[in-house]
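Asker: quick check, what structure comes out for this input:
(one chain, ligands or ions: 2)
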Amino acid sequence: MPKFATQVLGTNSEAVGQAATMLRGGGLVAFPTETVYGLGADATQDHAVARIFEAKGRPSFNPLIVHVAEVSALKHLVQWSDAAQAVADAFWPGPLTLVLPLRAGAAISKLVTAGLPTLAVRIPAHPVARAFLASFGGPVAAPSANRSGQMSPTRAAHVTADLSGRIEAVVDGGRCGVGLESTILGLAGVPTLLRPGAVTEDALARVLGRAVAQRQDTETLSAPGQMLSHYAPAAGVRLNALDWREDEARLGFGAVDCDLNLSETGDLTEAAANLFEYLHQLDARGAPVIAVSPVPHRGLGVAINDRLSRAAAPR
Ligand code: TXA
Ligand code: MG
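Answerer: Numbers count the residues shown, from 1 in each chain. Ligands and ions are numbered 1, 2, ... in the order given. Below is the predicted model of the structure:
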């Protein structure tokens, strides 16, 4: 039942200032980042953060990422470390989230951390995200701006299709360049890859000067990206399709005949940027199954295959 007329805002400084004012008033504002659109709320206000879960229909035990404009804003929220500094120097602003020990007394709603002793933090690179965060001047809790279990939005129209009437506004910054959610690196203990993304495991290991551990599926730290069925289109998804069956929508990769091609030249960066957009488009055509060409399991292909296997998981 729609409760709000969701405003679509532009990206000039007046509109961004208006969006920041809405956050201060406890409102929900979706905004573009270089990965996907985030659904922002003031991370210090319990009520505002609670509204994120309500709007998304998300199980409330899932913790949220806090976004800020500058590293200096993090040091009173989390326990900073040499490892955090090294990866921040190398990859921020950018598509990387760090999970660090939460500082005692940090002014962050308990709903953001879901009661965990750690906090996920990120400094995005998108100029509109940076302007919005700078204008707001405080920590912004933001999951991807989709209903729980749906695909992450890479355009403002995806956000309104999912959340119109449930949030105050969306800042329309066009398409997201990376198109996949950030890499998540756990640094509260042994460096651990919690979610693959555009910043690869190899790149992290090089900067840290040590191997990065893999998250074990039995660990209790929950992330919706870790729930088996996630990022799911309405259609079924068939992976590693080498031929196409009748009635299927065909999502190709490389030199194949198909309905939409993630990248005709086999470019993984281009494929990542197109992934959610094309899943949305093929889903809208109403085919019962989306068949997807094999995507090589290297570099950004690891993150693409992670999202695809979740989209294909039984629900
Ligand atoms: O690219 C992104 O990361 C986007 C943009 C908006 O920044 N955000 C995003 O948020 O993907 P969300 O909520 O859809 O995914 C955040 C992931 C979840 O899997 C969550 O469980 C995990 O981060 N997470 C958050 N806090 C955590 C913590 N303290 N420990 C472990 N995982 C955590
Ligand atoms: Mg999400």
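Asker: buried ones in stretch 189-197?
Answerer: 191-197 (16 or more other CB atoms under 10 Å). Yep, even glycine has a C-beta here, placed from its N, CA and C like the rest.
Asker: report the contact partners of the closest residue to R155 other than its chain neighbours.
Answerer: In space, and not counting its chain neighbours, R155 is closest to R175: 5.4 Å by CB to CB, 6 or more residues apart in numbering. Contact analysis of R175 by CB atoms under 8 Å, 6 or more residues apart in numbering lists 154-155, 273, 277.
Asker: what count of nearby residues applies to the closest residue in space to V78 that isn't next to it in sequence?
Answerer: Nearest residue to V78, sequence neighbours excluded (CB to CB, 6+ apart): L100, at 3.9 Å. Neighbour count for L100, taken as other CB atoms under 10 Å: 21.
Asker: now swap in the one 3 residues further on and tell me
Answerer: Counted by other CB under 10 Å, the residues lying close to R103 total 16.
Asker: grab the longest helix from this structure for me.
Answerer: Under DSSP state H, the helix in the chain containing the largest number of residues is helix 268-284.
Asker: what is the mean pLDDT for that one?
Answerer: Mean pLDDT, helix 268-284: 90.
Asker: and that helix, what's buried?
Answerer: 268, 270-280, 282-283.
Asker: please save the CA atoms from the helix or strand following it in PDB.
Answerer: Downstream of helix 268-284, the first helix or strand assigned by DSSP states H and E is strand 289-292. Provided in PDB are the C-alpha atoms of strand 289-292 (Å, rounded to 0.1, in the frame of the first residue of the first chain):
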ATOM      1  CA  VAL A 289      13.500 -19.300 -17.900                       C
ATOM      2  CA  ILE A 290      16.500 -17.200 -18.500                       C
ATOM      3  CA  ALA A 291      19.400 -19.200 -19.900                       C
ATOM      4  CA  VAL A 292      22.900 -17.800 -19.500                       C
END
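Asker: related to what we said a few turns ago, hmm, the longest helix of the chain touching ligand 1?
Answerer: No - using CB under 6 Å from any ligand atom, helix 268-284 stays clear of ligand 1, coming no nearer than 11.4 Å.
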